[in-house]
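S.K.: heads up, no residue letters with this:
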Ligand SMILES: Nc1ncnc2c1ncn2[C@@H]1O[C@H](COP(=O)(O)OP(=O)(O)OP(=O)(O)O)[C@@H](O)[C@H]1O
């Protein structure tokens, strides 16, 4: 059978279905989506940023924090390959090595501190694109990475707000990024970013 990721029977899903096995044992997509919204919103409200730990482990910690009520694998690197439309995210065998590469850019660039807005945006958009292609988790990559970027931005003196950006825009900009065109991501991050008022 083919699931929504086109990988055949997915060990993360209930047999003969594309529904993720979940700790609440919800068996319908509508209920699971509603529970994800409910629980991740609650966990977001209890999230305390750690500005001194901006690493891949911290992204995993954020994923765990948001999804701990929903999935036994919260915070853990996926064990299956995934693709959406024509995008093939990082092969599972290379996730750890590629993560090291994606995240080494942060200490190498002083965690994007003391950068003027346009430089900050370009660096952040580039980083976002790389980690989106890494797609380390089976689900919840977008939400975890956006929160990670919010923490990264705050310690660099910027605030991110996604509210005026639609799912559709996210999707199209991320597809363009995967295909090597970063301009839409630069534009989107320009819309989302403003300096913190002191
Ligand atoms: N075909 C694609 N090519 C590149 N990126 C994609 C593609 N489809 C989705 N994405 C990006 O992947 C992320 C979604 O990944 P995933 O479904 O694991 O996370 P999520 O947190 O459940 O989703 P969302 O970001 O919608 O809340 C989004 O940032 C989305 O823009």
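M.R.: That came through, no problem. Values in this document were obtained by computation on a predicted structure and should not be read as measured data.
S.K.: secondary structure class for residue 27?
M.R.: coil (DSSP: H, G, I helix; E, B strand; the rest coil).
S.K.: What is the burial count for it?
M.R.: 12 (other CB atoms under 10 Å). C-beta: built from backbone N, CA, C; applies to glycine.
S.K.: Can you tell me how far it is from residue 174?
M.R.: Residue 27 sits 30 Å away from residue 174, going by CB to CB, to the nearest Å.
S.K.: Pick out the residue of the protein closest to the ligand.
M.R.: residue 142 (1.7 Å; CB to the nearest ligand atom).
S.K.: So that residue sits against residue 173, correct?
M.R.: No: contact status for residue 142 versus residue 173: not in contact, 11.7 Å apart, counting by CB atoms under 8 Å.
S.K.: In terms of neighbours, single out the busier of those two.
M.R.: Neighbour comparison, residue 142 and residue 173: the larger count goes to residue 173, with 24 against 16 (by other CB under 10 Å).
S.K.: How about the residue of the chain closest to the ligand, nearest residue that isn't a chain neighbour?
M.R.: Leaving aside its chain neighbours, residue 142 sits nearest to residue 170 (7.0 Å; criterion: CB to CB, 6 or more residues apart in numbering).
S.K.: so where does the one you found fall, helix or strand?
M.R.: Using DSSP states H and E, residue 170 falls within helix 167-178.
S.K.: how about the helices in the chain?
M.R.: With DSSP state H as the criterion, the chain has helices at 29-45, 56-67, 95-108, 117-134, 141-155, 167-178, 183-192.
S.K.: Please name every helix or strand in contact with the first one.
M.R.: The one in question is helix 29-45. Packing partners of helix 29-45 (3 or more CB pairs under 8 Å, 6 or more residues apart in numbering; DSSP states H and E): helix 56-67.
S.K.: I would like the residues contacting the helix it packs on, please.
M.R.: Identification of contacts with helix 56-67 by CB atoms under 8 Å, 6 or more residues apart in numbering yields 36, 39-40, 43-44, 47, 50, 53, 74-77, 99-100, 102-103, 131, 136-137, 139-140, 143-145, 147-148, 151.
S.K.: Report the angle between that helix and helix 95-108.
M.R.: 110 degrees (axes from the mean of the first three to the mean of the last three CA atoms, to 10 degrees).
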